[in-house]
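S.K.: Please find the sequence and the predicted model below.
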Amino acid sequence: MRLQLHMALAAACVLCSGYLYVAHRRSVLHALAVEDSLVESLGAIFFFVAGAFFVLAAAKRRGDVAWLSILAAAMLTIAGEEISWGQRIFGWTTPGAIADVNVQGETTLHNLPGIHGNIRLVAVLFLTAFCAIVPATRRYVPALKNFYDQLRLPAFPVFALPWVGAAFSLMIVPRLLGEPIDDVGYLDEIGEMALAVAFLLFAMTFSPSRDDVTESSPAPPQPMLEGAARSAEPVVASPEDPKSVDLASSSDAGTQPRGS
């Protein structure tokens, strides 16, 4: 059910973005997906929240701490890069050494020479391997499943995969169609937001489930049944009960010393 839901939502995201690109790219799409717009801000927030979930999961040891720490650092770094580490929010100037070489003149790493032109290709290769190839081979190739288990590699959830597909559709297909690079940048921002949604869903799989919370909470005291309460009461022999009198007399007789 979750897979179908996210497939529908991701498809709607791609279709709406495509419509805006064709019909309103210079107005509505520009307003939504330009730098520091709603789309970029949401993407940064989703990456930050995903990083926080991974940090909490590592602290609570809900998985391999090393992998969770790597994922947390990656999500928080991407969130910082999305907003230029708060430069445009707080208004500081880019240090001269970075401004001279940064493609956009900002305090970011992904716009530095050698990274700016290759980061998308590296990201596509990594996401294809981590989000698609590894889950598929984990399921259908037992030897690789054992290898991943030995590495304690976290499993990317299948229900989050449609958002990765949406990101690829928005960031790769327009380039293959030869669309102007300046216009494709709007779709890149929406694609990055889709990736943020995918990894937020991934991070939420490490949050405590309802069953875990139920098991960890103490069970409420059960009321004692009436029959059990009665059985727990001591039995007192009643002189009106002949059986009780006989048992008591026989017991007394057995304890008296024999005559010499």
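M.R.: Nice, thanks for sending it over.
S.K.: does residue 168 really touch residue 123, like I thought?
M.R.: No. With the criterion set as C-beta atoms under 8 Å, residue 168 and residue 123 do not qualify as a contacting pair; they are 10.1 Å apart. Glycine gets a C-beta too; all of them are placed from N, C-alpha and C.
S.K.: neighbour-wise, which of these two wins?
M.R.: A count of neighbours by other C-beta atoms under 10 Å puts residue 168 above the other of residue 168 and residue 123, at 19 against 16.
S.K.: Run through the helices of the stretch 151-260 of the chain in chain order.
M.R.: Using DSSP state H, counting those that start in this stretch, the helices assigned to the stretch 151-260 of the chain run over residues 161-171, 173-176, 181-204, 210-216, 226-232, 242-255.
S.K.: avg pLDDT for the fourth one?
M.R.: In this case it means helix 210-216. Here helix 210-216 scores 46 as its mean pLDDT.
S.K.: can you check stretch 72-87 too?
M.R.: Averaging pLDDT along stretch 72-87 gives 93.
S.K.: export it as CSV, just CAs?
M.R.: Taking Å, rounded to 0.1, in the frame of the first residue of the first chain, the C-alpha atoms of stretch 72-87 are listed here in CSV:
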residue,chain,number,x,y,z
ALA,A,72,23.5,11.6,9.2
ALA,A,73,26.7,13.5,8.2
ALA,A,74,25.7,13.2,4.5
MET,A,75,22.1,14.5,5.1
LEU,A,76,23.2,17.4,7.3
THR,A,77,26.0,18.3,4.8
ILE,A,78,23.5,18.4,1.9
ALA,A,79,21.1,20.5,3.9
GLY,A,80,23.9,23.0,4.6
GLU,A,81,25.0,23.1,1.0
GLU,A,82,21.4,23.7,-0.2
ILE,A,83,21.2,26.9,1.8
SER,A,84,24.9,27.8,1.3
TRP,A,85,25.4,27.1,5.0
GLY,A,86,23.1,30.0,5.9
GLN,A,87,25.1,32.6,3.9
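S.K.: so how far is it off the chain centroid?
M.R.: With C-alpha atoms, centre = their mean, to the nearest Å as the basis, stretch 72-87 stands 18 Å off its chain's centre.
S.K.: Show the pLDDT at residue 117.
M.R.: Listed pLDDT for residue 117 reads 78.
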